[in-house]
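> fold the following for me, if possible:
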Amino acid sequence: MATATPAATASVHAADRFRPPALTGLVDLLSRPLRARPHARALVVGAERAELSYAHLATLADDLARRLTAAGVRRGDMVALVGANTAEFVVALLGTARAGAVVAPLDPTLPSGQLAARIAAFGARVVLSGPESVAGTAAWPTRVRVVPGGVPSVTLDTTRAPLRPYGVQGAPPPHLDPDDALVLCTAGTTDRPRMVPLTHGNVAASVRILCATYELGPRDATVAVMPFFHTHGLFAALLATLAGGGCVLLPASGRFSADTFWDDMRAARATWFTAVPAIHEVLLDRSAIEHPAPLVPPLRFARSSSALLNTATQRALERTFGVPLLSAYGMTEAAHQASSEPLSLPGGSKHGSVGRPTGTRIQVVDAAGRVCPPGMQGEVWVRGPGVARGYLADPVATAHGFGGGWLRTGDLGHLDADGDLFLRGRIGNLISRAGRQVCPEYIEDVLCGCPAVAEAAVFGVPDERYGHRVGAAVVLREGEDAEPAEIVRYCRDRLAPGEVPDRIRITAALPYTAKGALDRRAVRWRYAG
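Numbers count the residues shown, from 1 in each chain. Model (predicted):
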């Protein structure tokens with residue numbers, strides 16, 4: 001067990017920062033900061049980094065809500081929202097919620113066929129976009145004008161597409177609940193995305209949990225690194241920060257850029273940020289020439305979620321940034337966070353852990369449905385106020401993944417005697433080799449501990465004798481020139497014989513999803529043949 005650095009331990013706890021926000025969902029997300037600090041920064045927008053106050057943001061959202069209602073959008077209607085991390089996305093999200101409609105955020109980089117299929121599956125009455133057109137999709141463009149020192153405005157062009165009817169009766173889809181706020185697609189890379197409905201109650205619970213875990217308040221600011229069409233960026237970076245009265249900087253490109261990240265952090269006066277491990281790796285690799293020391297004001301912490309963070313990267317980042325890097329565990333079906341390492345813990349955090357439950361109950365269950373004792377590995381089950389009721393239009397998957405109030409996550413892990421959760425990987429990713437189940441995520445963690453290796457992806461290679469052999473694709477660190485045989489020797493000292501990769505391919509880059517998770521389907525397609 002490793003402990004956090006003294007600098008990290010000393011920099012994080014300020015009890016006067018946090019008051020739990022009282023909210024019921026998306027509609028009143030801005031209520032507390034709007035009452036307490038209406039002229040405080042809510043967003044910093046675009047290349048000019050114009051500031052948008054809470055009063056201005058609320059006015060824009062109300063204006064858009066009136067425009068949507070006037071155009072025929074009714075309470076309970078499904079509205080698809082296609083866009084990057086821009087002011088248009090935020091105003092459209094909040095405005096649609098204030099109009100009483102259900103928001104379905106979608107990835108703007110999806111191929112037009114996939115985007116159209118998801119819009120049809122949602123039964124969306126209309127698609128909202130930013131000022132740019134959406135390939136192959138008829139949408140209502142939204143434009144927010146933010147002029148430094150001026151009065152911001154929002155426009156909505158409803159002439160580009162008709163409002164879609166709901167069948168001959170004009171009734172809303174029967175699978176929606178009157179309290180639904182959001183519908184999001186799962187981001188899994190091993191099966192097709194599923195539609196997850198989240199109620200305003202789910203949203204409120206998740207936001208309160210995030211604010212409480214990290215004591216997010218009016219003095220905090222962050223940069224929007226993760227995309228808002230997934231729960232990581234939407235809940236952790238955007239909604240929790242706004243509910244706490246803090247500030248979110250939206251990068252000029254509408255998405256993460258390593259080239260501008262530290263300038264953005266300075267402009268926001270950021271106190272924290274959250275990202276996937278792949279982005280933390282990029283920041284670490286570039287830190288020698290780009291990381292400004294010290295940041296003013298200094299960071300309180302950094303956060304990692306959506307994929308397993310290897311312990312070597314966590315330790316290196318904590319040394320480099322001088323603050324804790326807190327691992328968290330979440331999923332779309334639980335409205336993001338289920339567990340996290342805490343801001344402060346006597347004796348330091350447990351590297352390799354994703355912390356303890358945050359506003360949830362977590363149990364580990366064996367194949368027979370029995371609760372596992374501490375230290376025993378099994379499937380992780382989660383229960384809490386953020387957990388969705390199931391999947392839309394997929395009763396089979398709902399029956400398999402939900403039951404008795406529990407979400408069966410499909411993740412493999414164990415709880416220790418203190419209640420800390422340690423993840424091993426996805427059950428669906430296990431490689432069957434000679435009757436033994438091999439966990440690719442564990443092997444990837446070992447590979448990334450090799451000094452020459454920056455990134456690793458492990459996959460099964462079909463084999464007539466063993467069922468599968470273990471293969472790996474690795475990206476070398478800049479300036480390194482290791483041979484596959486050297487990496488195999490490193491693995492033999494640290495892995496069981498059946499876990500050592502039989503084949504290692506060195507590649508320039510690995511495929512990732514839009515959320516920043518390793519795209520395992522693409523990995524198998526590229527390297528397992």
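> what packs against the particular helix or strand that has Ala181 in it?
Ala181 is part of strand 180-185 when elements are defined by DSSP states H and E. Applying 3 or more C-beta pairs under 8 Å, 6 or more residues apart in numbering; DSSP states H and E, we find strand 180-185 packed against strand 102-106, strand 195-199, helix 200-214. (Glycine included, C-beta is placed from N, CA and C.)
> nearest residue to the middle of this structure?
In the chain, the centroid-proximal residue (C-alpha atoms, centre = their mean) is His232; its distance is 2.1 Å.
> how close does that residue sit to Tyr442?
23 Å (C-beta to C-beta, to the nearest Å).
> just Ala101 next, same as before
Relative to Tyr442, and taking C-beta to C-beta, Ala101 is found at 44 Å.
> Glu318 too?
For Glu318 relative to Tyr442 (C-beta to C-beta), the value is 22 Å.
> low-confidence regions, the stretch 301-450 of the chain specifically.
Per-residue confidence for the stretch 301-450 of the chain (pLDDT under 70) gives these ranges: 345-349.
> quick one: the strands in it?
301-304, 325-331, 336-340, 356-357, 361-365, 378-383, 402-403, 406-415, 421-426, 431-433, 436-438 (DSSP state E, counting those that start in this stretch).
> distance to Ile279 and mean neighbour count for the ones you listed - can I get that in TSV?
Shown next, in TSV, are the strands of the stretch 301-450 of the chain (distance: least, C-beta to C-beta, whole Å; neighbours: other C-beta atoms under 10 Å):
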stretch	distance to Ile279	mean neighbour count
strand 301-304	9	23
strand 325-331	12	26
strand 336-340	17	29
strand 356-357	25	20
strand 361-365	26	18
strand 378-383	24	22
strand 402-403	31	15
strand 406-415	21	21
strand 421-426	19	21
strand 431-433	27	18
strand 436-438	27	16
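> now those as a markdown table including distance to Ala275?
Shown next, in a markdown table, are the strands of the stretch 301-450 of the chain (distance: least, C-beta to C-beta, whole Å):
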| stretch | distance to Ala275 |
| --- | --- |
| strand 301-304 | 7 |
| strand 325-331 | 10 |
| strand 336-340 | 14 |
| strand 356-357 | 21 |
| strand 361-365 | 23 |
| strand 378-383 | 22 |
| strand 402-403 | 29 |
| strand 406-415 | 20 |
| strand 421-426 | 18 |
| strand 431-433 | 28 |
| strand 436-438 | 28 |
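> out of those, nearest to Ala92?
Smallest distance to Ala92 across the strands of the stretch 301-450 of the chain (C-beta to C-beta): 20.2 Å, for strand 336-340.
> name the helices or strands packed onto that closest one?
In this structure, strand 336-340 makes packing contacts with helix 200-214, strand 325-331, strand 356-357, judged by 3+ C-beta pairs under 8 Å, 6+ apart.
> among those, which is nearest Pro374?
strand 356-357 (12.8 Å).
> partners of that closest one in the sheet?
strand 336-340 (antiparallel) (DSSP bridges).
> who does the strand or helix carrying Arg524 touch, helix- and strand-wise?
Taking DSSP H and E as the criterion, Arg524 maps to helix 520-527. Here helix 520-527 touches strand 453-463, strand 467-476, going by 3+ C-beta pairs under 8 Å, 6+ apart.
> swap the cut-off to 10 Å and go again
When contacts are defined as 3 or more C-beta pairs under 10 Å, 6 or more residues apart in numbering; DSSP states H and E, helix 520-527 packs onto strand 453-463, strand 467-476, strand 503-506.
> just send the ones you listed back as CSV, with mean neighbour count and mean pLDDT too.
Output for the helices and strands packed on helix 520-527, formatted as CSV (neighbours: other C-beta atoms under 10 Å; pLDDT from 0 to 100):
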stretch, mean neighbour count, mean pLDDT
strand 453-463, 21, 91
strand 467-476, 21, 93
strand 503-506, 17, 93
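> any idea how far the nearest residue to Pro484 once chain neighbours are set aside is from Asp519?
Distances taken as C-beta to C-beta, 6 or more residues apart in numbering place Ile504 nearest to Pro484, at 4.0 Å, with adjacent residues excluded. For Ile504, the distance to Asp519 (C-beta to C-beta) stands at 19 Å.
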